[in-house]
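Enquirer: Provided below are the primary sequence and the corresponding predicted coordinates.
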Amino acid sequence: MIQPAHPPGRLAGPLGTALAVAATVLAGVGVATQSRVNGELGQRFDDGFTAALVSFSSGWVLLLVIVLSTRRGRDAVRRIPAALRAGELPWWMLLGGAAGGFFVLSQGLVAGILGVAIFTVALVSGQTVTGMVADARGFAGARVTPPTLARLSGAALTVLAVVVAVAGDLGGSIPWPALILPLLAGVGAGMQQAMNGRVRQVSGSPLAATLVNFTVGTAALLVVTVISLAVNGLPAEPPTEAYLYAGGAVGVVFIAIQSAAVARVGVLLLGMCLVLGQLMAAVVFDSVAAIGPALQPQTVAAVVLTAVGIVVATLDRWRRPRTLLATSPAPGPAGPTPRRP
């Protein structure tokens, strides 16, 4: 069996979970930041496809240099094809980057139209529901967490938050069909986090898992962008502001954090921690928005409602008695880890 260089579980108990939660909230700030940057880049290019490709490919180049420049990184990358040959890693778990590419594409296409706050609420609604289903089924080898009343209630609150956010704009300036893209991107994001976590487990490196994610995502975006350019022609002249090209680097950071943290906190709690960070940043961005609609009272209400959903959905986890990680059976190569009592 292929063993990762750094097996999970070094920081057992509440300390490890608290650190994972804090890092994931910070990653959520990065997600909202990337949405703001890529949304504006898509409007400046007048082409969301090109903006998404520029963002994702820049992150891919950065990762390629970082990972392959060290022996540890190269060793981690080599473990991935070895795990595929050994049957420990199904090939489809490498496709998380396609969901990431769709997420970045949705940023470039509609984040500037919807505003980051509404885009984020729609995104996390799909992400939260998917996270609950993924945890319940032990998707991609994750620890099985059956649905409970608290988790179902929390997920329902986040979906309700979308309705609250757009209730005053369904017939107004915001094109509500544009919400479909971030909702679907949220579904893909939940699956992506679980798949990247499994790749991280077999490689022993969150950066190696992130490189796989960006390689697949860049390839997928390249195909759709070429098709778009052939149909619609070249984009507008590239903007000169350097910060508009930082989305890829930001994505490298938050995808790596997600890949490392998902084994510790599970898909649903990971998504909800990301929500906290995203909404903290999103409200600020839309309050000073130069593009898209200004922050609305219903958006603030949706933020509060989503935060309540996060708390409700995680009540069971913090009330549950804990045991040492050493008392839990080791997970199999592709099966779910039994839930700790």
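Expert: That came in fine, so what should we check first? The shown structure was predicted, so the numbers you read here are calculated from the model rather than taken from an experiment.

Enquirer: what pLDDT, on average, does whatever helix or strand Gly28 lives in get?
Expert: Counting by DSSP states H and E, the element that carries Gly28 is helix 13-45. The pLDDT scores in helix 13-45 average 83.

Enquirer: Which residues are in contact with Leu274?
Expert: Going by Cβ atoms under 8 Å, 6 or more residues apart in numbering, Leu274 touches 24-25, 27-28, 31, 124, 127, 254, 258. Every C-beta, even on glycine, is put in place using the N, C-alpha and C of the backbone.

Enquirer: between those, which is nearest Arg74?
Expert: Distance to Arg74 across the contacts of Leu274 (Cβ to Cβ) is lowest for Gln258, with 22.6 Å.

Enquirer: Which pLDDT value belongs to the closest residue to the closest one other than its chain neighbours?
Expert: Leaving aside its chain neighbours, Gln258 sits nearest to Gln193 (5.1 Å; criterion: Cβ to Cβ, 6 or more residues apart in numbering). According to the prediction, Gln193 has pLDDT 81.

Enquirer: Surely Gln193 and Val265 touch.
Expert: No: assessed by Cβ atoms under 8 Å, Gln193 is found out of contact with Val265, at 10.2 Å.

Enquirer: sorry, back to before: on the secondary structure side, give me the element for the residue nearest to Gln258.
Expert: Using DSSP H and E, Gln193 falls in helix 180-203.

Enquirer: Show me where the chain has its helices.
Expert: 13-45, 48-68, 71-85, 96-106, 112-114, 116-137, 149-166, 180-203, 206-232, 247-287, 297-313, 315-319 (DSSP state H).

Enquirer: Any chance of JSON lines for the ones you listed, columns distance to Thr240?
Expert: As requested, the helices of the chain are exported to JSON lines (distance: least, Cβ to Cβ, whole Å):
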{"stretch": "helix 13-45", "distance to Thr240": "10"}
{"stretch": "helix 48-68", "distance to Thr240": "14"}
{"stretch": "helix 71-85", "distance to Thr240": "33"}
{"stretch": "helix 96-106", "distance to Thr240": "21"}
{"stretch": "helix 112-114", "distance to Thr240": "18"}
{"stretch": "helix 116-137", "distance to Thr240": "23"}
{"stretch": "helix 149-166", "distance to Thr240": "34"}
{"stretch": "helix 180-203", "distance to Thr240": "28"}
{"stretch": "helix 206-232", "distance to Thr240": "21"}
{"stretch": "helix 247-287", "distance to Thr240": "16"}
{"stretch": "helix 297-313", "distance to Thr240": "31"}
{"stretch": "helix 315-319", "distance to Thr240": "47"}
